[in-house]
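Peer 1: predicted model follows, preceded by the sequence.
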Number of protein chains: 2
Amino acid sequence: MTVSECAAFLRGRDCFLILTHQRPDGDTVGSAGALCHCLRRLGKTAWLYPNPEITETYAEFAAPYLAPADYVPETVLAVDVAAENMFPRGFSGKAELSVDHHPSNSGFAGENTLCLPEKASCGEIVLQLIAELAGAPCREEADLLYVAVSTDTGCFLYGNTEADTHLAAAELIDAGADVKRLNKLLFRTVSMARLKLEGMIYTGLTQYREGQINVAKITLDMMARAGATEDDCDDLANLAGKVRGNRVAITVREQENGTCRASVRTDGSVDASAVCARFGGGGHKMAAGCTVETDVETLARALVEAVSAAWPT
Amino acid sequence: MTVSECAAFLRGRDCFLILTHQRPDGDTVGSAGALCHCLRRLGKTAWLYPNPEITETYAEFAAPYLAPADYVPETVLAVDVAAENMFPRGFSGKAELSVDHHPSNSGFAGENTLCLPEKASCGEIVLQLIAELAGAPCREEADLLYVAVSTDTGCFLYGNTEADTHLAAAELIDAGADVKRLNKLLFRTVSMARLKLEGMIYTGLTQYREGQINVAKITLDMMARAGATEDDCDDLANLAGKVRGNRVAITVREQENGTCRASVRTDGSVDASAVCARFGGGGHKMAAGCTVETDVETLARALVEAVSAAWPT
C-alpha cells in the first residue's frame, strides 16, 4: 500500500481505534498519537487503545487519546506493530490496517499494509501520511512525531539514523515541536534508581584481555539497594560495551527464579551466537544470549573463558 | 563579512595557518580540519596550528593537517575562536580572519570577521563556506564537519539544536559522512576511568527536599581510585541534574590546592548566582559557581543550606 492509498483508506472510514505494540516505546505511542490527532482534525472520531503497559515517560503523550471503556470502534488499525502477537495486552480482535516500519511485519493486515522498512522510525511514515491527509503537522502532532523519531534513533545516535531522519526532524522543528522540553524529558532525565544501579554496574565492571573483554554484573541485591524495578533496566546490556577498546561485552543478570540471564555483544571478532550456544542459548554473531541455572560470578567466569577460547589468533 | 566575502578573501590568499581554540573541542578541530582540506582541494597550501591540547578523541581528525615545525604561513585565520586570549597555547601573533559562531566574538579580526551567532556550531558556517568555495563537501570534509556539528549539540540533544542543524546533518550524511563510526566513537565510547568515576558519583548522589536538590561530590580520592585525569572530567556538573524531579543540582569537586570548586545549576526557581555570591563566586541565574577553601562535605552542606534558605515559598 502506498502512502496515498493509505490516506485514501483513512479518508473513507471513521470511528478509529488505534493499536500500539506491547511494551510500548516512544515510536508507537508518538506515531499513534499523532495519527489520532490528525484524524480528529479531519472531523473523524479516533482513539488509542488504552495499552496497559504505557510507562510513566510516555503517559502524558497518550493521555489525551485513550479510548473510554464504552467506545465501539468501526475501524481498527495498528501503528508500529510488527505482528498480531505484539497487539497490546487485553485487546482481542483483528486490525484492518497496518502502518509500520519493521522488516519483519507479518502481513496481518493483508493488502492494507503500509510498511516502509527503510525508515528508522514509524514516525517518519506517519509524517508522510499526515502530509497527504492534512498538509503540515500541527504543533501537537509535531511534538508527538518528534517523540517517535528521536526515541527510535536514540536521539539521532543509533546506526539506523539516515539523512531522511534528520530531514524529518528539521520539518518537525519548523512545525513547532518543542525539542528543548522533549529532549530534556526523553534523554536527559533518569530515575534515581537507574542512576544508582548504573553507578554500581560501572564501579563493578571487570576487564580481561587488556580491556578488550568487559563484564557487567547485575545481582538482585544491587537491584534492591538501588530501589530499581524492571522500568529502570532498559538497555543494561549496552553499558559494558561503552568502554574504550571494548570488543566483547558480557552482561550477566541474576533473575528472581534462581537463574542468570547473560548477553554477549561483540564486534564480530568472536561469534557471540556460538559462545552462547555452549550454554544452551543463541542469537546472532554480534549479539546473543543465554539463561543458565547458576550464580552471576560463575556464569560470568564461564563466559569469559568461552570467549577467550574462541578469541581470534 | 558575508559568507561570499569570506570565500573571496580565501580565494585571494595562500599559505594558510588555521588556529583552533584552547582546550579544543570537536567543533573547532572539525571545522578547522574541513576548511583546511577544502583549501588544499583548491590548490592552496594550508595547515592547522599544532594545538598542544588536542585530546585523544580528536587527535585522528587533526593529524593529517598539523603544520610542520618549519612552516612559514602567509595568512593566519582562526576558526571557532571567540577572542585572542583563546588562541592556542604556544602561538603568538595575530589572525587576519575569524570564522566563528560565538555571540561574544571580540572582533579581533576587525572587518574580516564572519560570525553567525545564530548557528549551533561553527561547522554549519564552514559548510556554507565550502559550498561557496567548492560546492558539496567531499567525504573527508563531511566527516570532519559532522564531528563539529554533532559534538557542539551533544548529538542534536542540547538546547542550541535548530532545524538548520538537522538540515546540515542531512547534507553531511548525503555527502558521505560515516555517522555510524563517528557516533560510536564520539558518543558511545568512554574511558574506563570515566565510567568508574561516574559510577562513584552516582552511587554517592544525595538528595534533599524530596529529590528536588541533588548533590554530587567528587574527591581527589575518587579520582585516584578511578584512575581519572582531567581528560575524564568533561561536564561532570551535568550529572546530578539528570535525576528525575531535580530542580537544583549542586556539584562539589575537591581541587589539588586544598580548595573545593562548586557548580550550582537550577531551573530558575532559585538564583544560582545569588547563592554562589554568598561564597565569593558568581555566574548566571541558572548556572553559577564558587571556589572555597574547605572540604567537600562542608561546602556541599553549606550550599544545600543556602539553596534551602533561598527556596521559593
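Peer 2: Cool, the structure landed. Worth saying up front: this structure is predicted, and the values here are computed from it rather than measured.
Peer 1: can you count the residues close to A:E210?
Peer 2: 7 (other C-beta atoms under 10 Å in any protein chain shown). For every residue, glycine as well, the C-beta is placed using N, CA and C.
Peer 1: now do the strands in chain A.
Peer 2: Taking DSSP state E as the test, the strands found in chain A are A:16-19, A:46-48, A:75-79, A:97-100, A:113-115, A:206-208, A:213-218, A:248-254, A:260-266, A:282-283, A:287-292.
Peer 1: so for A:D231, what's the pLDDT?
Peer 2: Listed pLDDT for A:D231 reads 82.
Peer 1: which residue packs closest to A:D271, ignoring adjacent ones?
Peer 2: A:K285 (5.2 Å; C-beta to C-beta, 6 or more residues apart in numbering or on different chains).
Peer 1: contacts only, for that neighbour.
Peer 2: For A:K285, the contacting residues are A:T266, A:G268, A:D271, A:A272, A:S273, by C-beta atoms under 8 Å, 6 or more residues apart in numbering or on different chains.
Peer 1: residues near the nearest residue to A:V179 once chain neighbours are set aside, how many?
Peer 2: Counting by C-beta to C-beta, 6+ apart, A:I173 is the residue found nearest to A:V179 once chain neighbours are left out, at 5.8 Å. A:I173 has 20 neighbours, counted by other C-beta under 10 Å.
Peer 1: ok, now the one 5 residues further on?
Peer 2: For A:D178, the tally of surrounding residues (other C-beta under 10 Å) stands at 14.
Peer 1: surely it touches A:L144?
Peer 2: No: A:D178 lies out of contact with A:L144 (C-beta atoms under 8 Å); the separation is 11.1 Å.
Peer 1: the residue nearest to A:V179 and A:L182 touch, don't they?
Peer 2: No: under the criterion of C-beta under 8 Å, A:I173 is not in contact with A:L182, lying 10.4 Å apart.
Peer 1: spit out the residues that contact these two alike.
Peer 2: A:Y146.
Peer 1: chain B contacts on the stretch 201-313 of chain A?
Peer 2: Taking C-beta under 8 Å from any C-beta of the partner chain as the measure of proximity, the stretch 201-313 of chain A contacts chain B at A:I201, A:Y202, A:T203, A:G204, A:L205, A:Q207, A:G211, A:G241, A:K242, A:V243, A:R244.
Peer 1: just the buried residues of these.
Peer 2: Neighbour-count burial (16 or more other C-beta atoms under 10 Å in any protein chain shown) is assigned, among those, to A:I201, A:Y202, A:T203, A:L205, A:G241, A:K242, A:V243.
Peer 1: need those residues in CSV (columns: pLDDT).
Peer 2: What follows is those, written out as CSV (pLDDT from 0 to 100):
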residue, pLDDT
A:I201, 98
A:Y202, 97
A:T203, 96
A:L205, 97
A:G241, 95
A:K242, 94
A:V243, 96
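Peer 1: ok so, going back, gap between the residue nearest to A:D271 and B:T291?
Peer 2: 52 Å (C-beta to C-beta, to the nearest Å).
Peer 1: same check on A:H101?
Peer 2: A:H101 is 52 Å from B:T291, by C-beta to C-beta.
Peer 1: next one: A:A193
Peer 2: 33 Å.
Peer 1: for A:T55, same thing?
Peer 2: From A:T55 to B:T291 the distance is 41 Å (C-beta to C-beta).
Peer 1: which bits of the stretch 51-200 of chain A sit near chain B?
Peer 2: So the stretch 51-200 of chain A meets chain B at A:155-159, A:161-164, A:166-167, A:169-171, A:173-174, A:179-180, A:183, A:187-192, A:195-196, A:198-200 (C-beta under 8 Å from any C-beta).
Peer 1: report the buried members of those residues.
Peer 2: A:155-158, A:161-164, A:166-167, A:169-171, A:173-174, A:179, A:183, A:187, A:189-192, A:195-196, A:198-200.
Peer 1: list of residues touching the least confident helix or strand in chain A by mean pLDDT?
Peer 2: When each helix and strand of chain A is scored by mean pLDDT, DSSP states H and E, strand A:282-283 comes last, with a mean of 90. The contact list for strand A:282-283, computed with C-beta under 8 Å, 6+ apart, reads A:V264, A:A272, A:S273, A:C276, A:A288, A:G289, A:C290.
Peer 1: please consider this matter closed, and thank you.
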